[in-house]
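need a structure here:
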Amino acid sequence: MLVTDLTMEEFEAGLKKTRTIILPFGSVEEHGPHLPLGTDTLQMYELAKQAAQKYPLFVGPPVFYGLCRSTSEHPGTISIRGETLKQLTLDLLRAYFRQGLRNFIILSGHAGGTHLAYLIDAGEQFIREQQEAKVAVASILDLLRSYAYELLETPHDSHAGEFETSLMMYFYPALVKETLPEEEYPCFPKPILVRQKRNFWPGGVWGNPKRASAEKGRLFAEKLAEGVVALAQKIETFSEEGKDA
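I've put the predicted structure just below:
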């Protein structure tokens, strides 16, 4: 059930079927010369919709903006502050809770570590506020590693590479350009922080998009959607009773 497409009566009726909602997050971020800036958000929203076709779930409208640190100097990347992301997430969780939702699955198509940390921090604060609420936070790469990693041909594929390019070829083929550059992982001089980040990751690709295909994207999407359903079922039955040390 897509929240944006429901009437208020349909929303109310949906609460009799499920109290679980997927909140898709993403980013407006460079994805090399071949993928659109909205890749993270578009692919996560499509996966959430596909999962909702398999299992009763609400799917909230996607949040297009996120915290993009490593790509912040690349053309087209529009990043927001971590605290802004956290407060927005909390506002959404609280609002959906007031509307009757109790199980919240925050799925992020953007897998940046700092970005995810703020989403997790928001979830942690919310479950302290609301004892009835359950929250899960997972990135698209978490889903990939758990449910479809065996499909990958490129070791350590991550950003705008084989995996994401395949998904976009499947979901939005018209948005994928023909130029498919290969680039190894970023060479940031950790733990030193740098201002000119593009000097250390010029192409903004992490992986090998030349190994991507629409058919592979279909297989990825099917397995990841099944993973989202499994996560929904897990959170709905999860109980912390008896787990305290």
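
let me see the mean pLDDT of the longest helix seen in the chain.
Using DSSP state H, we find that the single longest helix of the chain is helix 214-237. Average pLDDT, helix 214-237: 97.

same check on stretch 112-131?
Rounded mean pLDDT across stretch 112-131 is 97.

helix, strand or coil for Lys16?
coil (DSSP: H, G, I helix; E, B strand; the rest coil).

check what pLDDT it gets.
In this model, Lys16 carries a pLDDT of 98.

what is the burial count for it?
9 (other C-beta atoms under 10 Å). Every residue, glycine included, has its C-beta placed from N, CA and C.

can you tell me the element Ile105 falls in?
For Ile105, the host element (DSSP states H and E) is strand 103-108.

now the angle between helix 214-237 and that strand, please.
For strand 103-108 against helix 214-237, the angle by axes from the mean of the first three to the mean of the last three C-alpha atoms, to 10 degrees is 150 degrees.

sorry, back to before: so which bits of the longest helix of the chain are buried?
By neighbour count on 16 or more other C-beta atoms under 10 Å, the buried set for helix 214-237 is 216-217, 220-229, 231-232, 235.

ditto for stretch 201-214
Within stretch 201-214, the residues that count as buried by 16+ other C-beta under 10 Å are Trp201, Gly203, Gly204, Val205, Trp206, Gly207, Asn208, Pro209, Arg211, Ala212.

quick one on the thing from earlier: could you check the angle whatever helix or strand comes next after the strand holding Ile105 makes with strand 103-108?
Heading C-terminal from strand 103-108, the first helix or strand you meet, by DSSP H and E, is helix 113-129. Orientation check (the same axes, to 10 degrees): helix 113-129 against strand 103-108 gives 170 degrees.

how close does the closest residue to Gly207 other than its chain neighbours get to His34?
Leaving aside its sequence neighbours, Gly207 sits nearest to Gly161 (C-beta to C-beta, 6 or more residues apart in numbering; 1.7 Å). In this view, Gly161 and His34 are 10 Å apart by C-beta to C-beta, to the nearest Å.

give me the common contacts of the two.
Taking C-beta atoms under 8 Å, 6 or more residues apart in numbering as the contact rule, Gly161 and His34 both touch Pro209.

more neighbours, the two?
Between Gly161 and His34, counted using other C-beta under 10 Å, the more crowded position is Gly161 (28 against 19).

and that one, what does it touch?
For Gly161, the contact set (C-beta under 8 Å, 6+ apart) comprises Thr154, Val205, Trp206, Gly207, Asn208, Pro209, Ala212.

cutoff 6 Å now
By C-beta atoms under 6 Å, 6 or more residues apart in numbering, Gly161 lies in contact with Thr154, Trp206, Gly207, Asn208, Pro209.

the second one reaches Ser158, doesn't it?
Right, Trp206. Yes. Contact status for Trp206 versus Ser158: in contact at 4.2 Å, counting by C-beta atoms under 6 Å.

residue contacts, Ile105?
Ile22, Ala136.

now do 8 Å
Thr20, Ile21, Ile22, Leu23, Val135, Ala136, Ala138, Val228, Leu231, Ala232, Ile235.

which two in those residues are spaced the farthest apart?
Spatially, the most separated pair among those is Val135 and Val228, at 15.0 Å (C-beta to C-beta).

tell me how far Leu224 lies from Lys234.
For Leu224, the distance to Lys234 (C-beta to C-beta) stands at 15 Å.

go on, Ala136?
Remark: distance between Ala136 and Lys234 (C-beta to C-beta) = 8 Å.

swap in Pro191?
With C-beta to C-beta as the criterion, Pro191 and Lys234 are 35 Å apart.
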